[in-house]
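this is the structure alone, sequence omitted:
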């Protein structure tokens with residue numbers, strides 16, 4: 001089980017905190033953003049002393065309490081799941097699979113999720129090795145089982 005982790009970043013004038021294990025995304029005030037750096041390692045008294053010249057004591061105490069409550073609810077610093085001992089289901093069937101093997105399309109459909117073929121990042125050509133390696137993550141047994149169904153569609157640009 002992994003320890004609770006968060007990622008913090010500032011984007012478009014917003015302080016954003018992502019709880020890695022729960023997937024929770026929080027838009028927070030600067031005081032929360034600042035205190036989160038010390039919340040797990042320091043006591044409330046240490047945090048009060050650290051930020052006494054920046055924020056008032058009442059606000060620091062309230063923020064500390066809010067962070068504690070979010071942690072209790074599993075929304076901040078949440079624990080990861082233990083996936084190491086999950087039994088394999090022999091009847092498990094992959095019903096459908098889409099493997100992104102080429103960052104390119106020549107159809108230029110206006111409604112396309114791929115932004116008319118370049119996926120908003122430039123076109124990258126199809127490489128056969130990529131398809132083979134991509135399905136390699138399922139292991140050799142994947143190819144032996146008759147239950148596995150996979151298909152490819154590829155639109156090549158010239």
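Cool, the structure landed. Just so you know, these numbers come straight off a predicted model, no measurement behind them.

by contact count, what packs against the longest helix anywhere in the chain?
The longest helix of the chain (DSSP state H) is helix 57-72. Contact analysis of helix 57-72 by 3 or more Cβ pairs under 8 Å, 6 or more residues apart in numbering; DSSP states H and E lists helix 30-35, helix 44-50 as its packing neighbours. All C-beta atoms are positioned from the backbone trio N, CA, C, and that covers glycine.

could you list the buried residues of the shortest one?
Neighbour counts using 16 or more other Cβ atoms under 10 Å place 31, 32, 33, 34, 35 of helix 30-35 among the buried residues.

same deal with the last one?
Within helix 44-50, the residues that qualify as buried by neighbour count (16+ other Cβ under 10 Å) are 47, 48, 50.

hmm, residue 13 and residue 27 touching each other?
No - counting by Cβ atoms under 8 Å, residue 27 stays clear of residue 13, with 10.5 Å between them.

give me the contact list for stretch 47-61.
Outside stretch 47-61, the residues within contact range by Cβ atoms under 8 Å, 6 or more residues apart in numbering are 31, 34, 35, 38, 39, 42, 44, 64.

same deal with stretch 65-78?
Contacts to stretch 65-78, defined as Cβ under 8 Å, 6+ apart, come from residues 3-6, 17, 19-22, 24, 26, 32, 35-36, 39-40.
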